[in-house]
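In: build me a model from this:
(one chain, ligands or ions: 1)
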Amino acid sequence: MDPLDDVEYGEPHHHLLKRPPVDIEFSDLTYSVPQGRNGSKIILRSVSGLFRSGELTAILGPSGAGKSTLINVLAGYRCGDARGSIMVNSRPREMKSFRKMCRYIMQEDLLQPALTVLESMEIASDLKLGYTISKENKLDTIENILQMLRLTKSKHTLMENLSGGERKRLSIALELVNNPPVIFLDEPTTGLDDLSSSQCVSLLKDLAYGGRTIICSIHTPSAKLFAMFDHVYIVAEGQCMFAGVGQDMVPYLSTVGLSCPKHYNPADFMIEVCSREYGDYSEKMSTAVDNGKCLRWFKDNSETRKPIVRRASQYDTVSKHLYDFSSTGWSQFNVLLRRMMIQHKRDYTYLLFKLFMYTFIGLVVGGMFFQFGNDASMTIFNYGFMFITIIVFMYTPLMPVLLKFPKEVQLLKREYFNRWYGLNAYFCALTCSQLPMQLILSSVYIVITYLLTNQPLEWERGIKFSVVCLMVSLSSESMAYAISSQFNVTNSVFFGPCVACPMMLLASFGLGYEENEIPAIIKLGMNFSYLRHGVEALVMSVYGNGRGRLECPKTTDYCDLRDPSALFKTVGMSDVTYWGSMSALCCMFLAFKVASYVMLRWRLSTKPSLLLKLGFVGRFIKAYFNIPR
Ligand SMILES: Nc1ncnc2c1ncn2[C@@H]1O[C@H](COP(=O)(O)OP(=O)(O)OP(=O)(O)O)[C@@H](O)[C@H]1O
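Out: Below you'll find the predicted structure:
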C-alpha cells in the first residue's frame, strides 16, 4: 500500500488529498543582522515553537516584532546569521529537501506581467509538472484550483487588471499547482477588505485541512478572522509571548495578571500588551510560555492526529514524493522562452517605442554624417560617426535593462526560491528571448546610417560592421544584467553609466597621440574597454582589408587622410586588425555574460551574503551601497 494512502483528509478537492504531514519544530532560534561597523542587531531571541500539519497557524505581533523574519528563517529564505535548531518531522531540517516541499508566498504580489490568470497557471503547471502529466490532467488540476480560489470568472483577465484580492489568490493558486505540503505566507491579508480577508483565511484553512502545514504572519486580525486560526504564535521584540489555541489566549493572559476587557478582540488586546500599553509584561509572558517551548496551550488532538514520531518515517517519502523538478532543464527553457515571447508581444507599445527610437537616432546620426563615408576630406568625421555608433549601441540596450531588471529579479527570486525552474534554464531563455529584437533593432539603425553616410557597399564590410554593432550591444546588455542583478533601480541607473563612462573615454583615447606617447596604465585600461575594441573593429571593417585611397573632393586642395593608413596612425590604430579587435570584443562579451550569470546566482542564493564574509569591506559596501538580498 502506498504509505501516503493512510493520510486522509475530508476535503472534496482531489488535489488537496494525500499530503503527507510535515511538522516544523524550532528551538532556541536566534537571528541577527549586522549593524554598524562591527555590531549586530538581534531580531529573534532564542525562540522556540511547533507548527503542525493540518493546522492553520498565525504568527501575530506588533509591527517590527520579527514575524516576517521568523517566516523567512523557517522557510529558509534568509539563513544569514541564524542559530538554533529547526526540525522537520523530528529530523534536522535539510535545506535541499525542505525547499522541495515548502512554498513561500511573499507579502508583495509578485506576478508575471502581461499574462492572463489561465496562462499564468498553465505556464506554472508546465514548469512545475513538466510534460510527464497529460495536458488534460493539468487543465483539470488548474480548473479545480481556480474554482477553489474563486478565480474561474477572471481566468481570462490580464494580471495587471486583477483586484488586490484576486492577485493574492492567484499567488496562492500558482503555488498550489504541484501540491506542496508546507506553505508560508507573509501577511496574506494585507491590503484586502474584511470580506476578502476572511475568504482568504478560510481558503487557507481548507488547505490546512487537506493535510498541509500553513503558516502565515498577519497584522491585527479582526475577532472573526482571529477565531479562524487553529494555532496562534505571538511574537514581540523577537521573543515568543504565547503559543497555542486562540481561544485560550484570554485565560492565558489572566495567568500573567492581565484581564482582557469583555467584548474586546483578544488579538487587539494582546498586541496592545505586547506594545507595552499596559506596562512591561514581555519578560513575564515569554517566561510563562518558556519562549515558545511550553505546549500547555496547544490543542490536545492526540486522538484525531498521528503522533509526530510516526511521521518521522514519512519524511523521506515526503521529499521523494513529488517535489523534485518534474520538468527537464530543456522543457523549462522552452516554457520560459514561450512566456518571455508572449510578454514581449503583449508589450508592443514598448517595442514600437524602441523601433521608433532606433529609427529616429539612425536618421539623426545619418543626417549629421551625411555622405562622409567616401569623402577623404571628412575621414576624421567618419571616424566620429563610428565612435557615435558604438556609443548608441552601448546606451540603447544598457538603460532599459538597468531600469527593468531590478524589478524582474524580485520575481525571479520568488519563482526560483519556490523551485519553479533552475537558473540555467532561465538564463538561457533570457538570452535567447532578447536576441531577435536586438537583431531587428540593430539592423534598422545600421541600414539607415550605413546608407545615409555612404559607407562602402560591399557585403563583407557591411556584415563585419553589423556584427561589431551587435556584439557591442550584447556586451552592454550583459554588463547591465550583471549590474542590475545586484542593485535596486536607483543605484543601477547611477552605477551603469559610471562603469560605461571610463570605457567610453578609453575608447576615444589615442586620437592625436603617437603610439609611444600613451601612458602604460592608459594602454592597459584601453585593453579592458570593450567599446575601444568595438571602435577599432568598426574602423577596420570600413577602412581595413586593403581599402584603396578615398575620393578627395575637387573643392578641397589637400586631403591629408586620403589614405586609410594615415587615419589609422592619427587615431592610434596602426597595429590593429579586425579579427584581433573582434576576438577581444568576444572575450569581453563572454566575461560580461559569465559575470551576469555569477552575479545572478549570488543574488538568488539564500546562503550568507558573500559580502558579509568579506568582513569590514563587505559590510561597508553592503551598508553604504544599498545592496539588496
Ligand atoms: N536587514 C535588516 N537590517 C536591520 N534591521 C532589520 C533587517 N531586517 C529586519 N530588521 C529589523 O528587524 C525587526 C523585525 O523585522 P520584521 O520585518 O521581521 O518585522 P515584522 O514583525 O514582520 O514587522 P511588520 O509587521 O511591520 O512587517 C524590525 O525592527 C526591522 O527593522
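
In: when you work out contacts or count neighbours from here on, use the C-alpha atoms and nothing else.
Out: Fine.

In: all strands of this structure, in order?
Out: All strands of the chain, identified by DSSP state E, fall at 24-35, 39-51, 56-60, 81-88, 91-92, 102-105, 182-186, 213-217, 231-236, 239-244.

In: what's the separation between residue 195 and residue 170?
Out: From residue 195 across to residue 170, the span is 17 Å (CA to CA, to the nearest Å).

In: close to the ligand: what parts of the protein are there?
Out: 33, 43, 63-69 (CA under 6 Å from any ligand atom).

In: can you count the residues close to the residue in the stretch 151-300 of the chain positioned nearest to the ligand?
Out: Per CA to the nearest ligand atom, the residue of the stretch 151-300 of the chain with the smallest distance to the ligand is residue 219, at 6.2 Å. Using other CA atoms under 10 Å, residue 219 has 20 neighbouring residues.

In: that one touches residue 187, doesn't it?
Out: Yes. Contact criterion CA atoms under 8 Å: residue 219 and residue 187 qualify, at 6.8 Å.

In: reformat the residues of the chain next to the ligand as TSV; add neighbour count, pLDDT and distance to residue 473.
Out: Formatted as TSV, the residues of the chain next to the ligand follow (neighbours: other CA atoms under 10 Å; pLDDT from 0 to 100; distance: CA to CA, whole Å):
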residue	neighbour count	pLDDT	distance to residue 473
33	13	84	40
43	21	92	45
63	15	89	46
64	13	89	45
65	21	90	47
66	24	91	45
67	28	92	45
68	21	92	41
69	20	93	41
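
In: farthest pair within the residues you listed?
Out: 33 and 63 (17.7 Å; CA to CA).

In: and the pLDDT at the most centrally placed residue in the chain?
Out: Residue closest to the average C-alpha location in the chain (CA atoms, centre = their mean): residue 409, at 2.5 Å. Note on residue 409: pLDDT of 93.

In: with residue 390 instead?
Out: Reading off the model, residue 390 has pLDDT 96.

In: repeat for residue 53
Out: pLDDT, residue 53: 88.

In: quick one, what contacts residue 237?
Out: With contact set as CA atoms under 8 Å, 6 or more residues apart in numbering, residue 237 has these partners: 43-44, 64-66.

In: at 7 Å instead, please
Out: 65-66 (CA atoms under 7 Å, 6 or more residues apart in numbering).

In: distance from the centroid: which residue in the protein tops it?
Out: residue 557 (61.7 Å).

In: distance of it from residue 377?
Out: According to CA to CA, residue 557 and residue 377 sit 9 Å apart.

In: can you name the residues that contact residue 488?
Out: So residue 488 contacts residue 406 (CA under 7 Å, 6+ apart).

In: can you give me the helices for the stretch 401-550 of the chain?
Out: Taking DSSP state H, counting those that start in this stretch to define them, one finds helices in the stretch 401-550 of the chain at 423-452, 459-484, 489-508, 520-527, 530-543.

In: and the angle from the first one to helix 459-484?
Out: In terms of direction (axes from the mean of the first three to the mean of the last three CA atoms, to 10 degrees), helix 423-452 departs from helix 459-484 by 140 degrees.

In: got any ranges where the chain has weak pLDDT?
Out: 1-19, 36-38, 80, 300-326, 512-515, 606-629 (pLDDT under 70).

In: mind doing that once more with 50?
Out: 1-17, 302-323 (pLDDT under 50).

In: residue 108: how many residues sit nearby?
Out: Other residues close to residue 108 by other CA under 10 Å number 15.

In: with residue 177 instead?
Out: That count, for residue 177 with other CA under 10 Å as the rule, works out to 22.

In: and the one 5 residues further on, by the same measure?
Out: Residue 182 has 29 neighbouring residues, counting by other CA under 10 Å.

In: ok, residue 368 next?
Out: 15.

In: residue 330 too?
Out: Neighbours of residue 330 (other CA under 10 Å): 13.

In: what's the closest non-adjacent residue to it?
Out: residue 425 (7.0 Å; CA to CA, 6 or more residues apart in numbering).

In: how far away is the one you found from residue 211?
Out: Counting by CA to CA, the gap from residue 425 to residue 211 is 32 Å.

In: please say which of those two ends up with more neighbours.
Out: Using other CA under 10 Å, the more surrounded residue of residue 425 and residue 211 is residue 211, with 26 against 19.

In: that one reaches residue 21, doesn't it?
Out: Yes. Counting by CA atoms under 7 Å, residue 21 is a contact partner of residue 211 at 6.0 Å.

In: and for these two, which residues touch both?
Out: residue 53.

In: contacts only, for residue 510.
Out: 518, 571-572.

In: can you lay out these as a markdown table showing neighbour count?
Out: Shown next, in a markdown table, are the contacts of residue 510 (neighbours: other CA atoms under 10 Å):
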| residue | neighbour count |
| --- | --- |
| 518 | 13 |
| 571 | 20 |
| 572 | 21 |
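
In: now the end-to-end length of stretch 44-62.
Out: End-to-end distance (CA to CA), stretch 44-62: 14 Å.

In: just how off-centre is that stretch within its chain?
Out: How far stretch 44-62 lies from its chain's middle: 27 Å, per CA atoms, centre = their mean, to the nearest Å.

In: same deal with stretch 395-407?
Out: With CA atoms, centre = their mean, you get 15 Å for stretch 395-407.

In: list the buried residues of that stretch.
Out: By 16 or more other CA atoms under 10 Å, the buried positions in stretch 395-407 come out as 395-399, 401-403, 405-406.

In: okay, now residue 195: neighbour count?
Out: That count, for residue 195 with other CA under 10 Å as the rule, works out to 11.

In: who touches it in this structure?
Out: With CA under 7 Å, 6+ apart, residue 195 has no contacts at all.

In: all helices for the stretch 201-350 of the chain, in order.
Out: Using DSSP H, counting those that start in this stretch, helices in the stretch 201-350 of the chain cover 223-227, 249-255, 266-274, 282-288, 308-312, 315-321, 329-346, 348-368.

In: and residue 431, which of these is closest to it?
Out: Comparing the helices of the stretch 201-350 of the chain under CA to CA, the one sitting nearest is helix 329-346, at 9.4 Å.

In: figure out how far that closest one is from the centre of its chain.
Out: 16 Å.

In: could I get the CA-only coordinates of that helix as CSV?
Out: Provided in CSV are the C-alpha atoms of helix 329-346 (Å, rounded to 0.1, in the frame of the first residue of the first chain):
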residue,chain,number,x,y,z
GLY,A,329,16.1,21.9,-18.0
TRP,A,330,15.2,21.8,-21.7
SER,A,331,11.5,21.9,-21.1
GLN,A,332,11.9,24.6,-18.5
PHE,A,333,13.9,26.6,-21.1
ASN,A,334,11.1,26.1,-23.7
VAL,A,335,8.3,27.2,-21.3
LEU,A,336,10.3,30.2,-20.1
LEU,A,337,11.1,31.3,-23.6
ARG,A,338,7.5,30.9,-24.6
ARG,A,339,6.5,33.0,-21.6
MET,A,340,9.0,35.8,-22.4
MET,A,341,8.0,35.9,-26.0
ILE,A,342,4.3,36.3,-25.1
GLN,A,343,5.3,39.1,-22.7
HIS,A,344,7.4,40.8,-25.4
LYS,A,345,4.5,40.5,-27.9
ARG,A,346,2.0,41.9,-25.4
